[in-house]
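*Asks:* Just to be clear, the model below is a prediction. Sequence and coordinates:
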Amino acid sequence: MRIEAVELIRAALPFKQEFRSALGAQRRRDVLLVHVITDAADGWGECAAMSRPVYTSEYVDGAQAVLRDHLVPLALADSSVDAQSLERRLSEVRGHRMARAALEMAALDAELRTEGVSLAAFLGGERDEIPCGAVLGVADTIDALLDDVEQRLREGYRRIKLKILPGWDLEPVAAVRGRFGAAAVLWLDANGAYALEDAPRLATLAEHDVALIEEPLGGRSLLAHAELARVITTPVCLDESIESAHEAADALTLGACSIVNVKPGRVGGLLEARRVHEVCLRRGASAWCGGMFETGIGRAANLALASLPGFTLAADISPSGRYFDLDLTMPPTVMQEGMIRVPDAPGLGVTVDRAAIDTVAVDAVLIRG
Ligand code: SMG
Ligand code: MG
């Protein structure tokens with residue numbers, strides 16, 4: 001396959017409701033799409049980077065610049081590429097994993113559409129539907145949070161993940177457990193808002209039957225997380241701290257976590273995400289597929305990844321309409337009894353709705369080989 005041109009499209013999708021976490025407040029999703037035009041088929045990718053470099057060091061303007069100036073020129077230089085050779089080629093560029101992942105996703109989509117193979121089948125998926133979890137940001141009041149949890153449980157989500165930070169932790173967790181009892185499987189995500197000195201406070205969360213705590217400590221320190229994991233009984237899951245399969249292996253060896261949140265963007269692409277999954281499977285560690293408030297494009301890739309056998313816990317994958325009024329793919333993703341079907345058509349397995357993209361696009365640049 002030869003990549004003839006790459007289009008970088010920026011779009012803005014307002015969140016239905018402001019989303020607050022330890023990383024700040026978000027009112028809109030700054031979307032960066034990668035549209036690859038090859039001699040055989042088109043392919044689509046979505047970049048996980050957010051507007052500001054607060055989750056990892058990447059941010060959407062930076063991702064667009066590195067794609068335009070470095071990654072896309074590398075992809076256009078080769079007369080024949082597939083996703084594997086492209087991954088090797090793009091690894092010349094250090095870091096910028098979310099940008100590399102978006103281009104790899106688009107190339108893989110084009111390649112698999114040409115071959116008539118679904119992404120889930122290519123990756124080795126074994127499930128045809130994925131259990132979904134709801135993620136709830138910091139609310140204005142405890143009552144508002146409880147109403148939201150009630151609605152999500154009614155919608156069928158398999159578990160509830162609360163964003164926490166100092167000042168929004170023990171009280172909301174106790175309130176949710178108190179109101180819903182065993183009906184709510186409860187996870188917490190701190191996005192690194194705590195320090196090791198907070199271990200005694202974090203230890204008390206176990207009283208509320210919390211199934212996991214995600215990225216509790218700041219600084220991406222595997223040793224600090226290993227120390228924390230020794231003194232709290234709630235299982236530690238890592239997200240931001242793991243950017244590759246070898247970091248996943250290190251984290252599990254050190255006891256920094258027993259569970260891994262796998263996101264293709266954070267680790268540099270779907271191929272590396274599959275390797276992270278293999279590490280978890282070999283070590284008997286639980287894995288699950290995280291989310292970055294994706295549109296239908298990135299969500300289709302996440303669903304395919306989440307169908308691998310080692311993803312044993314509910315994913316941060318929601319139906320169309322959870323965060324935004326508009327989706328960019330057809331048909332809309334629906335959740336039934338807390339499950340979403342894995343697309344089984346070739347490539348990402350969804351139809352990209354160009355007209356919908358055009359209604360929210362703020363910028364599009366076509367780079368030709
Ligand atoms: O896609 O449902 C989703 C969002 C899941 O909370 C989610 N992602 O740390 O796991 C995480 C966050 C990343 C951004 S938090 C502002
Ligand atoms: Mg997280």
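*Replies:* Cool, got the structure. Ligands and ions are numbered 1, 2, ... in the order given.
*Asks:* C-alpha only now, for contacts and for neighbours.
*Replies:* Noted.
*Asks:* Does residue 103 touch residue 37 like I think?
*Replies:* No: between residue 103 and residue 37 there is no contact under C-alpha atoms under 8 Å: 11.5 Å.
*Asks:* More neighbours: which of those two?
*Replies:* residue 103 (32 against 21; other C-alpha atoms under 10 Å).
*Asks:* Secondary structure class of that one, three-state.
*Replies:* Following DSSP: H, G, I helix; E, B strand; the rest coil, we place residue 103 in the helix state.
*Asks:* for residue 85, same thing?
*Replies:* helix.
*Asks:* any idea how this protein splits into domains?
*Replies:* 3-116+354-368, 121-341 (automatic domain parsing).
*Asks:* Now tabulate the ones you listed in JSON lines and tack on distance to ligand 1.
*Replies:* Formatted as JSON lines, these follow (distance: least, C-alpha to the nearest ligand atom, whole Å):
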{"stretch": "domain 3-116+354-368", "distance to ligand 1": "6"}
{"stretch": "domain 121-341", "distance to ligand 1": "3"}
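*Asks:* can I get those domains in CSV with mean pLDDT?
*Replies:* Below are the domains of the chain laid out as CSV (pLDDT from 0 to 100):
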stretch, mean pLDDT
domain 3-116+354-368, 97
domain 121-341, 98
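*Asks:* out of these, which comes closest to residue 347?
*Replies:* domain 3-116+354-368 (4.4 Å; C-alpha to C-alpha).
*Asks:* so how far is stretch 120-133 from its chain's centroid?
*Replies:* Relative to its chain's centre, stretch 120-133 lies at 15 Å (C-alpha atoms, centre = their mean, to the nearest Å).
*Asks:* for it, which positions count as buried?
*Replies:* In terms of neighbour count (16 or more other C-alpha atoms under 10 Å), stretch 120-133 has its buried residues at 120-121, 123, 125, 127-133.
*Asks:* And for stretch 101-120?
*Replies:* 101-114, 117-120.
*Asks:* now swap in stretch 326-339 and tell me
*Replies:* 326-329, 333, 335, 338-339.
*Asks:* For it, measure first residue to last.
*Replies:* 21 Å (C-alpha to C-alpha, to the nearest Å).
*Asks:* Outside of it itself, list whatever touches it.
*Replies:* 13, 129-133, 155-158, 295-297, 318-321, 340-341, 350-354, 356-357 (C-alpha atoms under 8 Å, 6 or more residues apart in numbering).
*Asks:* do stretch 45-56 as well
*Replies:* 23, 29-35, 58-61, 63, 98-99, 101-107, 109, 191, 240, 265-266, 292, 294, 297-298.
*Asks:* hang on, residue 299 in a helix?
*Replies:* Yes: Residue 299 sits within a helix when classified using three-state DSSP.
*Asks:* Quick one: the helices in the stretch 151-300 of the chain, in order.
*Replies:* For the stretch 151-300 of the chain, the helices defined by DSSP state H, counting those that start in this stretch cover 170-180, 199-204, 222-231, 245-254, 264-267, 270-283, 296-306.
*Asks:* Please save the CA atoms from the last one in PDB.
*Replies:* As requested, C-alpha coordinates have been extracted for helix 296-306 and formatted as PDB (Å, rounded to 0.1, in the frame of the first residue of the first chain):
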ATOM      1  CA  GLY A 296     -16.900   7.100  17.100                       C
ATOM      2  CA  ILE A 297     -13.600   6.800  15.200                       C
ATOM      3  CA  GLY A 298     -11.300   6.200  18.200                       C
ATOM      4  CA  ARG A 299     -14.000   4.400  20.000                       C
ATOM      5  CA  ALA A 300     -14.200   1.800  17.200                       C
ATOM      6  CA  ALA A 301     -10.500   1.100  17.600                       C
ATOM      7  CA  ASN A 302     -10.900   0.800  21.400                       C
ATOM      8  CA  LEU A 303     -13.700  -1.700  21.000                       C
ATOM      9  CA  ALA A 304     -11.600  -3.800  18.700                       C
ATOM     10  CA  LEU A 305      -8.700  -3.700  21.200                       C
ATOM     11  CA  ALA A 306     -11.000  -4.400  24.200                       C
END
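*Asks:* Check which helices and strands that helix is in contact with.
*Replies:* Here helix 296-306 touches strand 42-46, helix 119-123, helix 270-283, strand 286-289, strand 329-330, going by 3 or more C-alpha pairs under 8 Å, 6 or more residues apart in numbering; DSSP states H and E.
*Asks:* do the same with the fourth one
*Replies:* Identification of packing neighbours for helix 245-254 by 3+ C-alpha pairs under 8 Å, 6+ apart yields helix 222-231, helix 270-283.
*Asks:* So which residues make contact with that helix?
*Replies:* Residues contacting helix 245-254 (C-alpha under 8 Å, 6+ apart): 222-223, 226, 241-242, 257-258, 260, 267, 272-273, 275-276, 279-280, 283, 285.
*Asks:* so that helix versus helix 222-231, what angle?
*Replies:* Between helix 245-254 and helix 222-231, the angle comes out at 40 degrees (axes from the mean of the first three to the mean of the last three C-alpha atoms, to 10 degrees).
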